[in-house]
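Novice: Return a 3D structure for these sequence lines:
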Amino acid sequence: MTERIDFYVLSSASARQRLALGCRLAERAYLQDLKVLIAADSDAEARELDELLWTFADRSFVPHHCCGETECAEPDLPVHVRVRLEPVRGADLLVNLAARLPPQLEVFQRIAEVIDADPERRRLGRERFKAYRELKLALETHQLGDGAEP
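Specialist: The predicted structure is shown next:
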């Protein structure tokens, strides 16, 4: 059952900042021994996240597997990057960097939605916010400036 959904709203339209914030959120959860699923929009974005998870911070190490569109070959790793979320096995945290509402919300304890200042991403983020609100899920919004930590 989904306990809470956090919207992290960046003031920048930089896709790189959005992805880096997703990596920081995944790292925080990993350091708390949580299972994390990162949802990407495309295989190209999943590959960029795969690279960023190794390089986004000098002292970070986030063991992960980039599954893209395929089934995850290493299910025991704590962090997975996926494009296609179905079938969903669940995770403690879903970091949603995709523009779509995730399927089977109930299999995630928490969801982190990362929204940048791109007008289309903001519009789609508002639609997801409304959908979550209609489901009567607990929502929290965090306005973040450039380079801000979650």
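
Novice: which intervals of this protein have sub-threshold pLDDT?
Specialist: 57-60, 64-65, 68-75, 87-88, 146-150 (pLDDT under 70).

Novice: what are the ranges of the strands in it?
Specialist: 4-10, 36-39, 64-68, 79-82, 91-96, 108-115, 139-144 (DSSP state E).

Novice: Give me whichever of the ones you listed is most buried.
Specialist: Scoring the strands of the chain by mean neighbour count under mean count of other C-beta atoms under 10 Å gives strand 36-39 as the most buried, with a mean of 27. C-beta: built from backbone N, CA, C; applies to glycine.

Novice: what's next to it, contact-wise?
Specialist: With contact meaning C-beta atoms under 8 Å, 6 or more residues apart in numbering, strand 36-39 is reached by 22, 26, 29-30, 49, 78-83, 85, 88, 91-98, 102, 108.

Novice: That one pairs with which strands, parallel or anti?
Specialist: strand 79-82 (parallel), strand 91-96 (parallel) (DSSP bridges).
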